[in-house]
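*Asks:* what follows is a protein structure lacking sequence information:
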């Protein structure tokens, strides 16, 4: 079919994106600064919002591995 639909609205200034091995969207966001995974039910799982005790500033690159990492 030749249809287009909205996947996400209000994307938090997403920059880097990738899909994991289950087809879920992983996105680096700037507002709020985090790396999130968008679940099939529409919910968001925050994968990272800080590193070594410091809040993320503006994540922009994400890589997924076939092993789930």
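*Replies:* Yep, it's here. Model, not experiment: these values are computed from the prediction. Numbers count the residues shown, from 1 in each chain.
*Asks:* all contacts plus neighbour counts: C-alpha atoms, from now on.
*Replies:* Noted.
*Asks:* so what's the residue most central in space within the chain bridging to?
*Replies:* The structure's the chain has its C-alpha centroid closest to residue 27; by Cα atoms, centre = their mean the separation is 2.1 Å. Counting by DSSP bridges, residue 27 is bridged to residue 17, residue 36.
*Asks:* surely it touches residue 63?
*Replies:* No. The pair formed by residue 27 and residue 63 falls short of the contact definition of Cα atoms under 8 Å, at 10.0 Å.
*Asks:* pull up the overlap in contacts between those two.
*Replies:* Residues touching both residue 27 and residue 63 (Cα atoms under 8 Å, 6 or more residues apart in numbering) are residue 18.
*Asks:* on that earlier part again, what residues does the residue nearest to the centre of the chain make contact with?
*Replies:* By Cα under 8 Å, 6+ apart, the residues touching residue 27 are 14, 15, 16, 17, 18, 35, 36, 37, 62.
*Asks:* give me the buried entries from those residues.
*Replies:* For the contacts of residue 27, a neighbour count by 16 or more other Cα atoms under 10 Å gives the buried set as 14, 17, 18, 35, 36, 37.
*Asks:* and the fifth one, how close does it get to residue 21?
*Replies:* Distance from residue 36 to residue 21, counting by Cα to Cα, to the nearest Å: 15 Å.
*Asks:* before we move on, what about the last one?
*Replies:* Distance of residue 37 to residue 21, computed by Cα to Cα: 12 Å.
*Asks:* low-confidence ranges in this protein?
*Replies:* Counting by pLDDT under 70, the chain shows no low-confidence range.
*Asks:* surely residue 55 and residue 35 touch.
*Replies:* No. With contact taken as Cα under 8 Å, residue 55 and residue 35 are classed as non-touching, separated by 11.4 Å.
*Asks:* intersection of neighbour lists for those two?
*Replies:* With contacts defined as Cα under 8 Å, 6+ apart, the residues shared by residue 55 and residue 35 are residue 49.
*Asks:* mind checking the end-to-end distance for stretch 20-31?
*Replies:* Start-to-end span of stretch 20-31 (Cα to Cα) is 22 Å.
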